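quick check, what structure comes out for this input:
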Amino acid sequence: MKILVYGAGVLGCNLARNLFRAGKDVTLLARGNWAAEIKQNGLRVKDKFSPRTSVSRIPVVTKLAPDAQYDVIFVVLRYTQLDSALDTLRENQTKNIVFVGNNVRPRALAAALPGKNVLFAFALSAGHRESDRVVSIDLKKITVGQLSGAASNAGLIGEIFRGTKYKVVYEPNMEDYLLCHAAFVMPAVFACYKTDGNLKKLRGNTTYLNRLIDANIEGYRAIKNAGHEILPKADADFESKKYRKTCLHFFKLMCATSLGKLCASDHAMNAIDEMSALNRDIKRFFDENGAAYPVWQELEAEAGRYLQ
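Residues are numbered from 1 along each chain as shown. A predicted model of the protein is given here:
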């Protein structure tokens, strides 16, 4: 299969590297100085917990031509950048398009690409990009699938990732999965902004961390009451003491270790526009469905000047 990874941020670079190292025919679309760096020196990725830096000589293009032929295109752009790629994707003949990353309006995106087989995915990968390399933590786990009601893409997904080191979770209801992900991640983003990106300021502040969980539960409750499924299924019992205990342990770990910076605050502080748009759009969903979310709104206000 011929694969294009459209976008060369942390997620796109990790995805391209992992597919390339598994022997896949992969091309990476990058721009500017970063494209020149990869062309000259290869794609360099440093794992946060390893002394080694991998170098992958991945082919690079700087644009998607209408006549360029691929079996699948992974679009790995920020939420706020997706609309800018739609005309280019429409003009290209590639049928299979996979949007990777945050998204709370996947149906609108799929409708904007008539005739395409549109899928969505979320990869457990985070970090930051430096002038000559990516520094990241990559769990090599990806959740991917189509919107509910669409034809199954299990076979296509299996073919794409066969032979890779990815743990692939096929999810036939990516709309609800992505809604739930936004409802979980946005309270953590509020914490990043409250602390100006230094989550260690919240170490030991159990009261505040429990408010993050309260806001997450408000979001999940709104999603469930609107007729959507809570995903992943492990979160379905989100009103339980067990769920709160698990989340509290996770947030404490983020605030006490470097994981908070690598997995949350690095991206939140460098993608304020994306987080602001994600917050705006999920609040619109809450309002359209008559949901109350007072703790969410309090945390949002405390995030101060960052949210646009």
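
CA atoms for contacts and neighbours, from now on please.
Fine.

enumerate every residue touching the closest residue to residue 171 other than its chain neighbours.
Computed as CA to CA, 6 or more residues apart in numbering, the closest residue to residue 171 that is not its neighbour in sequence is residue 145, at 4.8 Å. Residue 145 sits next to 119-121, 152-154, 157, 170-174 when contact means CA atoms under 8 Å, 6 or more residues apart in numbering.

now the host helix or strand of residue 176: buried residues?
Here residue 176 sits within helix 174-194, counting by DSSP states H and E. Residues 174-194 are the ones in helix 174-194 that count as buried (16 or more other CA atoms under 10 Å).

re earlier: next one: the residue nearest to residue 171 from residue 180, what distance?
Between residue 145 and residue 180 the distance, using CA to CA, to the nearest Å, works out to 15 Å.

tell me where this protein has strands.
2-6, 25-29, 43-47, 53-56, 60-61, 72-75, 96-100, 117-129, 134-145, 167-170 (DSSP state E).

for residue 295, which of those is the nearest?
Nearest of the strands of the chain to residue 295, taken as CA to CA: strand 117-129 at 26.6 Å.

contacts for that closest one, please.
9-11, 14, 95-102, 106, 110, 134-147, 174, 262-264, 266-267.

just stretch 218-226 next, same as before
179-180, 183-184, 229-230, 238, 286, 289, 291-293, 295-296.

buried only: go through the contacts of residue 145 for me.
For the contacts of residue 145, buried by 16+ other CA under 10 Å: 119-121, 153, 157, 170-174.

isn't residue 133 right up against residue 44?
Yes: Residue 133 sits in contact with residue 44 when judged by CA atoms under 8 Å, with a separation of 4.8 Å.

farthest-separated two in the contacts of stretch 218-226?
Applying CA to CA across the contacts of stretch 218-226, the maximum distance is between 229 and 295, 22.1 Å.

can you get me a residue count around residue 273?
Number of residues near residue 273 (other CA atoms under 10 Å) recorded here: 18.

list the contacts for it?
Here residue 273 is in contact with 80, 307-308 (CA under 8 Å, 6+ apart).

state the distance from it to residue 260.
Counting by CA to CA - residue 273 and residue 260 are separated by 20 Å.

check residue 142 too.
20 Å.

with residue 11 instead?
With CA to CA as the criterion, residue 11 and residue 260 are 17 Å apart.

equivalent analysis for residue 233, please.
Counting by CA to CA - residue 233 and residue 260 are separated by 24 Å.

what of residue 126?
For residue 126, the distance to residue 260 - CA to CA - is 11 Å.

mind listing what the residue most central in space within the chain touches?
The centre of the chain sits closest to residue 101, judged by CA atoms, centre = their mean, with a distance of 2.8 Å. Taking CA under 8 Å, 6+ apart as the contact definition, residue 101 lies against 76-79, 120-123.
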